[in-house]
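Visitor: Build me a model from this:
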Amino acid sequence: MRRLTAGGTEGNERLTTLTGLVLIVLLAALGITILQLSSLLWLHLFLGFLLLGPVALKMASTGYRFLRYYTNNRRYRVKGPPLPALRLLAPAVVGLTLLVFGSGVVLLFIGPSSSLRSQVFFIHKASFILWLGATGLHILGHLPEIFRFLRVSNDSRMEMIAARSPRTSAGARPAHPPVGDHLPGGAGRWLSLGTALVLGLVLAVALIPDFGTWTGSVGMALLHHHDH
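Guide: Next comes the predicted model:
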């Protein structure tokens with residue numbers, strides 16, 4: 001268990017950044033479905049529920065850092081808080097995330113024939129627009145951590161290649177010297193991300209039969225009406 005959870009503040013940051021990168025890819029795919037929602041609604045629904053796993057993991061990792069910092073954990077206090085602007089933006093990102101995904105879940109289960117459909121649909125669309133702007137600013141603010149994560153990952157990959165090369169095994173100096181950045185707990189971080197993705201996938205697959213209420217003729221007609 002210690003080997004899975006090791007890594008401290010750096011491990012928490014890497015897990016948060018790695019999960020964020022996965023979310024960027026999945027959210028980009030979700031954005032594409034919005035451009036052709038009439039024909040890709042089923043995929044929009046599927047990706048929306050798949051995203052619930054990684055979104056929950058991202059909120060858990062950032063929430064853990066928040067909790068440890070404000071409970072005066074020495075390592076997290078030394079690392080310090082995020083930039084003031086990001087700290088101010090965080091509640092908006094979290095609140096809008098819960099509103100976007102929560103309203104999406106409610107829409108699926110109340111169906112297109114519900115009397116609450118119009119109100120919930122408006123909340124879903126309006127919160128998504130606000131959430132898109134807040135999340136864009138959030139990503140821009142965390143670009144240094146993303147670039148650092150990508151650099152460390154590339155350095156570690158090159159070190160592994162050099163260590164496996166025939167010249168290195170024969171005692172020659174590797175072309176890429178070790179960077180000394182093999183942080184403990186890597187298996188636990190990948191396991192956490194993999195579990196989040198699997199849980200999101202299982203939920204999305206389990207709910208496919210419920211997509212029919214929106215992908216059927218009634219649901220598509222109402223969706224077309226809202227778009228205009």
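
Visitor: The protein: helices as residue ranges?
Guide: Secondary structure of the chain (DSSP state H): helices at 2-5, 8-35, 37-50, 52-70, 74-79, 84-110, 117-141, 143-164, 166-169, 186-206, 212-215, 217-227.

Visitor: For these, give me TSV that also has mean pLDDT and mean neighbour count.
Guide: No exception for glycine: its C-beta is placed from N, CA and C like everyone else's. Shown next, in TSV, are those (pLDDT from 0 to 100; neighbours: other CB atoms under 10 Å):
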stretch	mean pLDDT	mean neighbour count
helix 2-5	64	12
helix 8-35	90	17
helix 37-50	91	18
helix 52-70	92	18
helix 74-79	88	13
helix 84-110	92	16
helix 117-141	91	15
helix 143-164	65	14
helix 166-169	50	11
helix 186-206	93	16
helix 212-215	84	16
helix 217-227	57	13
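
Visitor: Would you enumerate the residues in contact with the closest residue to E145 other than its chain neighbours?
Guide: Nearest residue to E145, sequence neighbours excluded (CB to CB, 6 or more residues apart in numbering): T17, at 5.2 Å. T17 makes contacts with 142, 145-146, 149, as judged by CB atoms under 8 Å, 6 or more residues apart in numbering.

Visitor: Now flag whichever of those residues is closest to R74.
Guide: Among the contacts of T17, E145 lies closest to R74 (CB to CB), at 21.5 Å.

Visitor: what's the spacing between the closest one and R151?
Guide: Plainly put, E145 is 11 Å away from R151 if you go by CB to CB, to the nearest Å.

Visitor: Same check on G188?
Guide: Taking CB to CB as the measure, G188 falls 22 Å from R151.

Visitor: just checking, A85 touches L140?
Guide: No: between A85 and L140 there is no contact under CB atoms under 8 Å: 10.2 Å.

Visitor: Now the spatially most central residue of the chain: closest residue in space that isn't a chain neighbour?
Guide: Geometric centre of the chain, nearest residue: L23, 3.3 Å, by CA atoms, centre = their mean. Nearest residue to L23, sequence neighbours excluded (CB to CB, 6+ apart): P54, at 5.3 Å.

Visitor: got the contact list for G200?
Guide: 49-54.

Visitor: Let me know the closest of these to G212.
Guide: F49 (14.6 Å).

Visitor: Tell me who's in contact with the spatially closest residue to the closest one that is not a sequence neighbour.
Guide: Spatially, and ignoring its direct neighbours in sequence, F49 is nearest to A204 (4.0 Å; CB to CB, 6+ apart). Counting by CB under 8 Å, 6+ apart, A204 touches 45-50.

Visitor: What of A206?
Guide: Listed by CB under 8 Å, 6+ apart, the contact set of A206 is empty.

Visitor: would you turn the contacts of A204 into JSON lines with distance to S39?
Guide: Below are the contacts of A204 laid out as JSON lines (distance: CB to CB, whole Å):
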{"residue": "L45", "distance to S39": "13"}
{"residue": "F46", "distance to S39": "14"}
{"residue": "L47", "distance to S39": "14"}
{"residue": "G48", "distance to S39": "16"}
{"residue": "F49", "distance to S39": "19"}
{"residue": "L50", "distance to S39": "19"}
